[in-house]
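Chemist: Here's a sequence, model it:
(one chain, ligands or ions: 1)
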Amino acid sequence: MLRGIISERSTELPSIVIGKLLKMAVEDKSVISLGPGEPDFTTPKGIITAARRALSEGYTHYSPPQGRLELRKAIAEKLKKDNKIDASPDDIIVTTGSTEGILLSLMTMVDPGEGVMITDPGFLAYRPTVEILNGMPLSVRLREEHGWQIDVDELERSIAPEKTNAIIINTPTNPTGTVYTRSALEDLADFAIEHDIMIISDEAYEKLTYDGSRHISIGSLNGMGDRVLTMQSASKTYAMAGFRIGWMHGPEKLVKAMTKLHLFSTLSAPTVSQVAVTAALKGSQKATEEMRKEYDRRRRMMVKRLNRMGLHCVEPKGAFYAFPKISHLTKKSSFKFAEWLLREGKVAVVPGTEFGKYGEGYIRLSYATAYDKIATAMDRMGKALKKL
Ligand SMILES: Cc1ncc(COP(=O)(O)O)c(C=O)c1O
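Modeler: Residues are numbered from 1 along each chain as shown. You can find the predicted model right below:
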């Protein structure tokens with residue numbers, strides 16, 4: 001065996017425990033998984049038809065690295081209409097999912113040793129991506145008592161003076177389901193201007209908000225045009241996770257630099273998927289609204305049932321996750337609790353620590369699963385908790 005063949009970058013990357021738990025969940029057919037981080041719906045029919053048509057019309061070649069112009073035009077229209085961002089197709093790059101967008105934007109902005117602020121708890125890809133690039137992840141603690149909103153005092157506490165280039169935020173939020181308020185975003189905008197840092201705004205769940213909560217893009221706030229990379233995705237909005245299409249909008253200089261790197265990462269996002277997403281953006285948005293309504297129905301039931309069994313959570317107003325506290329019920333770590341619940345209740349959930357150390361004492365439950373399955377999972381959890 002070739003010794004030392006695997007890079008430190010790879011060996012030092014922490015393993016994702018979600019994989020281990022979800023593997024156990026998949027192997028045991030009696031388990032109900034509340035682990036999924038993607039829509040359970042299949043892609044709406046009209047979009048599938050557009051993808052089929054694109055294939056038979058020969059859209060099987062590479063696309064321009066920045067993305068097909070027709071798609072970038074449709075994205076620019078959408079950004080203006082839905083997000084109040086004055087966008088031009090030149091300032092947009094189409095990526096292979098927003099996962100590639102996270103990597104490209106950080107590759108473009110972060111030199112080794114430079115700091116990137118990430119929220120904790122927060123989406124599990126941010127920290128490893130900063131680490132892969134030898135950047136310095138700086139955790140910004142989010143607190144349940146603040147409704148999991150981002151908070152300026154915590155930002156001030158986390159920043160590394162002189163060395164911080166960017167902050168990644170995510171609203172609506174994975175894993176807490178928080179929708180950032182206008183005032184929290186305005187405070188963050190002031191902070192970014194004062195400290196001269198870029199904001200990467202991950203808006204993968206922008207269309208999934210509930211109870212009258214509304215998603216606000218920080219890039220639409222006054223004076224933020226040059227300071228925000230807005231990152232969005234077709235994965236959740238159109239249940240198109242497997243098509244792998246995301247996009248980023250921001251200052252042209254940055255978009256050009258990202259396009260240069262994109263040439264050597266994936267060259268172009270999948271062409272057939274780009275054609276399908278163009279159809280999705282230009283077509284009726286009814287299917288997205290129907291999915292949102294169904295998530296909402298499941299959300300209300302799940303939150304009510306969790307509260308009834310003593311697992312209180314700040315009511316999630318966006319995305320498709322609930323993030324209840326468990327630490328008042330058990331001394332088990334969130335990982336041990338998730339393992340125990342899998343064995344005892346045959347329900348798979350994700351330990352809060354998957355999303356950072358401040359996720360300890362919490363678990364994440366996804367409601368991207370059929371209503372009846374969630375109801376059965378709640379019955380099982382209720383029974384299991386009595387044995388704690
Ligand atoms: C907050 C957040 N950002 C980005 C992604 C990745 O999405 P994409 O499918 O566009 O790569 C996910 C996926 O779960 C997510 O939860």
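
Chemist: Disregarding residues adjacent in the polypeptide, which is nearest to Ala192?
Modeler: Closest residue to Ala192 apart from its sequence neighbours, by Cβ to Cβ, 6 or more residues apart in numbering: Ile199 at 5.3 Å. Backbone N, C-alpha and C define where each C-beta goes, glycine included.

Chemist: Would you list the phi and psi of the one you found?
Modeler: When read as degrees, to the nearest 10, the backbone of Ile199 gives phi -110, psi 130.

Chemist: Residue of the stretch 51-200 of the chain nearest the ligand, please.
Modeler: Nearest residue of the stretch 51-200 of the chain to the ligand: Gly97, at 2.8 Å (Cβ to the nearest ligand atom).

Chemist: For that residue, give me the pLDDT.
Modeler: pLDDT, Gly97: 98.

Chemist: got it, and Ile16?
Modeler: On the pLDDT scale, Ile16 gets 67.

Chemist: Please apply the same query to Ile5.
Modeler: So, for Ile5, pLDDT stands at 86.

Chemist: What count of nearby residues applies to it?
Modeler: Neighbour count of Ile5, defined by other Cβ atoms under 10 Å: 7.

Chemist: Please apply the same query to Ala184.
Modeler: 21.

Chemist: what sits against it?
Modeler: Neighbouring residues of Ala184 by Cβ atoms under 8 Å, 6 or more residues apart in numbering: 149-151.

Chemist: dump the residue contacts of the residue nearest to Ala192.
Modeler: Contacts of Ile199 by Cβ under 8 Å, 6+ apart are 166-169, 188-189, 192, 218-219, 224, 227-229.

Chemist: same thing but 6 Å
Modeler: Each residue near Ile199 by Cβ atoms under 6 Å, 6 or more residues apart in numbering is listed here: 167, 192, 218, 228.

Chemist: Which of those residues fall in helices?
Modeler: Ala192 (DSSP state H).

Chemist: For the contacts of Ile199, give me a markdown table that also has pLDDT and distance to the ligand.
Modeler: Compiled in a markdown table, those are given as follows (pLDDT from 0 to 100; distance: Cβ to the nearest ligand atom, whole Å):
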| residue | pLDDT | distance to the ligand |
| --- | --- | --- |
| Ile167 | 97 | 14 |
| Ala192 | 97 | 19 |
| Ile218 | 98 | 15 |
| Val228 | 98 | 16 |
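
Chemist: would you list the contacts of Ile199 in CSV and tack on neighbour count and distance to Thr369?
Modeler: Supplementary listing: the contacts of Ile199 in CSV, determined by neighbours: other Cβ atoms under 10 Å; distance: Cβ to Cβ, whole Å:
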residue, neighbour count, distance to Thr369
Ile167, 25, 32
Ala192, 21, 37
Ile218, 24, 31
Val228, 23, 33
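
Chemist: any idea which of the contacts of Ile199 is closest to Leu69?
Modeler: Using Cβ to Cβ, the shortest approach to Leu69 within the contacts of Ile199 belongs to Val228, at 23.1 Å.

Chemist: what's the spacing between the closest one and Ala87?
Modeler: Distance check for Val228 against Ala87: by Cβ to Cβ, to the nearest Å, it reads 11 Å.

Chemist: Burial check on Ala74, number of neighbours?
Modeler: Quick note: Ala74 (other Cβ under 10 Å) scores 21 neighbours.

Chemist: Leaving out sequence neighbours, find the closest residue to it.
Modeler: Using Cβ to Cβ, 6+ apart and skipping residues adjacent in sequence, the residue nearest Ala74 is Leu281, 4.2 Å away.

Chemist: picking up where we left off before, quick check: the residue of the stretch 51-200 of the chain closest to the ligand touching Trp247?
Modeler: No. Using Cβ atoms under 6 Å, Gly97 is not in contact with Trp247; the gap is 10.0 Å.

Chemist: quick one, which of those two is more surrounded?
Modeler: Using other Cβ under 10 Å as the criterion, Gly97 and Trp247 rank with Trp247 on top: 27 against 23.

Chemist: Report all helices and strands that the helix or strand hosting that one contacts.
Modeler: With elements taken from DSSP states H and E, the one containing Trp247 is strand 246-249. Applying 3 or more Cβ pairs under 6 Å, 6 or more residues apart in numbering; DSSP states H and E, we find strand 246-249 packed against strand 92-95, helix 97-109, strand 228-233.

Chemist: Run the chain-centre distance for it.
Modeler: Put simply, strand 246-249 sits 13 Å off its chain's centre (Cα atoms, centre = their mean, to the nearest Å).

Chemist: What residues of the helix or strand in which Ile75 is found count as buried?
Modeler: Using DSSP H and E, Ile75 sits within helix 69-83. When neighbours are counted by 16 or more other Cβ atoms under 10 Å, the buried residues of helix 69-83 are found to be 71-76, 78-79, 82-83.

Chemist: Let me have those in TSV, adding pLDDT and distance to Asp40 as columns.
Modeler: Below are the buried residues of helix 69-83 laid out as TSV (pLDDT from 0 to 100; distance: Cβ to Cβ, whole Å):
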residue	pLDDT	distance to Asp40
Leu71	98	26
Arg72	98	30
Lys73	98	31
Ala74	98	26
Ile75	98	26
Ala76	98	31
Lys78	98	25
Leu79	98	28
Asp82	98	24
Asn83	98	26
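
Chemist: Redo these as TSV? Include distance to Thr178.
Modeler: TSV is the format used below for those (distance: Cβ to Cβ, whole Å):
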residue	distance to Thr178
Leu71	30
Arg72	30
Lys73	32
Ala74	29
Ile75	25
Ala76	28
Lys78	23
Leu79	23
Asp82	20
Asn83	18
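
Chemist: of the residues you listed, closest to Pro175?
Modeler: Nearest to Pro175 among these, with distances taken as Cβ to Cβ, is Asn83, at 23.2 Å.

Chemist: who are the neighbours in contact with the closest one?
Modeler: Counting by Cβ under 6 Å, 6+ apart, Asn83 has contacts 217, 220.

Chemist: Other residues contacting the worst-scoring helix or strand of the chain on mean pLDDT?
Modeler: Scoring the helices and strands of the chain by mean pLDDT, DSSP states H and E places helix 17-27 at the bottom, with a mean of 73. With Cβ under 6 Å, 6+ apart as the contact definition, helix 17-27 has outside contacts at 31, 33, 35, 338, 348, 350, 354.
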